[in-house]
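Asker: Next come a sequence and a model predicted from it.
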Amino acid sequence: MADGINPTSTVDLTDKFLVDPYQRWAERQDIPIHLDFGHDLLALETRPWDLYEARGCFAHCHGRGDFMANYVLEVPVGSKTRPIHHLYEAFFFVLAGHGSTTVWSPDGDKRTFEWGPKAVFAIPLNCEYQIFNGSGSEPARLDCTNDAPLTVNLYHNEDFVFNNPYKFPERLGSNNHFDGEGDLVPVNRGKNVAPVNIWETNFVSDLTNFKLYELNERGKGSLNISFVLADGTMHAHCSEIPTGRYKKAHRHAAGTHVHAVTGSGYSLLWYDGDSRFVEIPWRHGVMYAPPFWMFHQHFNTCDRPARYLACSLGSRRYPFISLRRKSAEGGGSISIQNGGRQIELEDQDPRIHRKWLEAIKETGVTSQMGDFFDEDAIMKLDKSKLTGVIQQPRSIGPAI
């Protein structure tokens, strides 16, 4: 027996072993914690949240990983949140309602900007901010994708995270970055991959009409723009799927929160070797996060283009993790046959295209993908052998 150690004694390690400070903080907020593959953020139950003096809930996904999370903030009619600041980065996507946000800069100046549905804005790190509902008839509901798990677990000191006075003036950006203006930066990623366009700003007033740029690597006719918001370490991009088409499947690290913005359709998720899929419906308000290394694929089934917003850890400027760096260099658009993470259409399970053809038949949309597939032959496949859905998230119900 080692000196001073009694091998037969037991010690309660409840507070000293396998501690998750972020999870404990979330539980103490006394608001609902919803957990599933994805959620209809417009329908989730909220409760009064003292932190904001508003209403809220956590919208946690199985694929949120170790660094990222999501919560919903609801500001009642004619109300406002209390001023708040924190050391985690936060991207807000407006789900419903109209209002404004005031941000106090490190030198004490304040900037106020107005927003409506489908706006996106970022709070510069540790700046104090306050959110106002500008409507006298409807609540405002905002989604917040954030890296609170990374920050809270790293420091495991809530006073340090929420009451730290340190200022980051370099995060404010240019004077016009809260006016819906920004700076377009084309980035050449090398001779084997297409260049990408990055918009640096703090505020995008409407993702519906924001200008996107051609990025055919993920599917013919696809459009894309990447964002650097508030000089953050978190990444965001908006992509558009043309009518009569869909995106190629790919996989990546956990923590990418995908928000449907316009259009309708569905996404499929599966692990390599799975014979069945998880299906998530596509419409504004739905958000999900693919788990680590789980293939996922986005399908437009409606008669207009479909857009989505994806938020994750590791920006184009600050990749943070090695997989994000490889994605920024174009690795996410390289075929798995060549060591990448994308499934090219010629390597795709034929059941996937058959399922989509049946879906667009119901919506009256004509396929524009006959240049890649023998669609008559695919429709003759034995339907009894087609794979069904193994799970649809409980928190995403039918369209309301």
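Answerer: Cool, the structure landed.
Asker: how does this structure divide up, domain by domain?
Answerer: Domain assignment of the chain by automatic domain parsing yields the ranges 13-347, 348-385.
Asker: deepest of those domains, which one?
Answerer: domain 13-347 (a mean of 19; mean count of other CB atoms under 10 Å). All C-beta spots, glycine's among them, are computed from the backbone N, C-alpha and C.
Asker: Report the distance from it to the chain centre.
Answerer: 4 Å (CA atoms, centre = their mean, to the nearest Å).
Asker: And the strands in the stretch 101-250 of the chain?
Answerer: Here the stretch 101-250 of the chain has its strands, by DSSP state E, counting those that start in this stretch, at 110-115, 120-123, 128-133, 140-146, 183-187, 196-201, 203-204, 213-214, 223-229, 234-241, 249-250.
Asker: could I get those as CSV with distance to Y318 and mean pLDDT?
Answerer: Below are those laid out as CSV (distance: least, CB to CB, whole Å; pLDDT from 0 to 100):
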stretch, distance to Y318, mean pLDDT
strand 110-115, 23, 96
strand 120-123, 14, 98
strand 128-133, 22, 98
strand 140-146, 16, 98
strand 183-187, 14, 92
strand 196-201, 12, 94
strand 203-204, 20, 98
strand 213-214, 22, 93
strand 223-229, 9, 96
strand 234-241, 9, 97
strand 249-250, 22, 94
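Asker: of those, which approaches D374 most closely?
Answerer: D374 sits nearest to strand 249-250 of all the strands of the stretch 101-250 of the chain, at 19.4 Å, using CB to CB.
Asker: Where among the domains of the chain is average confidence lowest?
Answerer: When the domains of the chain are ranked by mean pLDDT, domain 348-385 comes last with a mean of 89.
Asker: so how far is that one from its chain's centroid?
Answerer: Centre to centre, stretch against its chain (CA atoms, centre = their mean), the figure for domain 348-385 is 28 Å.
Asker: All the helices of the stretch 201-350 of the chain, in order from the start?
Answerer: With helices called from DSSP state H, counting those that start in this stretch, the stretch 201-350 of the chain shows them at 322-328, 350-363.
Asker: For the shortest one, C-alpha coordinates in PDB please.
Answerer: C-alpha atoms of helix 322-328 as PDB (Å, rounded to 0.1, in the frame of the first residue of the first chain):
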ATOM      1  CA  SER A 322      -7.100  21.100 -39.300                       C
ATOM      2  CA  LEU A 323     -10.200  19.800 -41.100                       C
ATOM      3  CA  ARG A 324     -11.500  23.400 -41.500                       C
ATOM      4  CA  ARG A 325      -8.100  24.400 -42.900                       C
ATOM      5  CA  LYS A 326      -8.400  21.600 -45.500                       C
ATOM      6  CA  SER A 327     -11.900  22.700 -46.300                       C
ATOM      7  CA  ALA A 328     -10.800  26.300 -46.800                       C
END
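Asker: Would you map the strands across the stretch 251-400 of the chain?
Answerer: Going by DSSP E, counting those that start in this stretch, the stretch 251-400 of the chain shows strands at 257-260, 265-270, 277-282, 286-288, 295-300, 306-313, 342-343, 389-391.
Asker: So which of those strands is nearest G182?
Answerer: strand 306-313 (15.8 Å).
Asker: Can you list the strands that that closest one pairs with?
Answerer: strand 234-241 (antiparallel), strand 257-260 (antiparallel) (DSSP bridges).
Asker: Let's have the ones you listed in JSON lines, adding distance to G99.
Answerer: Shown next, in JSON lines, are these (distance: least, CB to CB, whole Å):
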{"stretch": "strand 234-241", "distance to G99": "21"}
{"stretch": "strand 257-260", "distance to G99": "19"}
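Asker: ok, what's across the strand from the nearest residue to G182 once chain neighbours are set aside?
Answerer: Nearest residue to G182, sequence neighbours excluded (CB to CB, 6 or more residues apart in numbering): T201, at 3.1 Å. T201 has the following beta-bridge partners by DSSP bridges: L229.
Asker: Please name the residues that touch T201.
Answerer: Each residue near T201 by CB atoms under 8 Å, 6 or more residues apart in numbering is listed here: G173, H177, G180, E181, G182, D183, F227, V228, L229.
Asker: so what's F227 up against?
Answerer: With CB under 8 Å, 6+ apart, F227 has these contacts: V120, I198, W199, E200, T201, V204, H235, A236, H237, C238.
Asker: can you tell me the distance between the two ends of stretch 95-112?
Answerer: 19 Å (CA to CA, to the nearest Å).
Asker: All further residue positions should be reported with the first residue as 499.
Answerer: Yep, numbering from 499; the last one is stretch 593-610 now.
Asker: Run through who's touching it.
Answerer: Contact partners of stretch 593-610, identified using CB under 8 Å, 6+ apart, comprise 539-540, 570, 573, 581, 590, 611-615, 619, 621-622, 625-633, 636-641, 665-667, 670, 676, 782-783.
Asker: What of stretch 573-586?
Answerer: For stretch 573-586, contacts defined as CB under 8 Å, 6+ apart pick out 549-553, 571, 595, 597, 602, 623-631, 633-640, 644-646, 648-650, 653, 658-660, 662.
Asker: if you set the cut-off to 6 Å instead, what comes out?
Answerer: 550-552, 624, 626, 628-631, 634, 637-638, 644-646, 649, 659-660, 662 (CB atoms under 6 Å, 6 or more residues apart in numbering).
Asker: before we move on, what about stretch 645-656?
Answerer: P519, Y520, W523, F565, M566, A567, L585, Y586, E587, V659, M732, L811.
Asker: Please apply the same query to stretch 621-634.
Answerer: Outside stretch 621-634, the residues that reach it (CB under 6 Å, 6+ apart) are 573, 576-579, 581, 583, 585, 588, 595-602, 638, 666, 669-670, 728.
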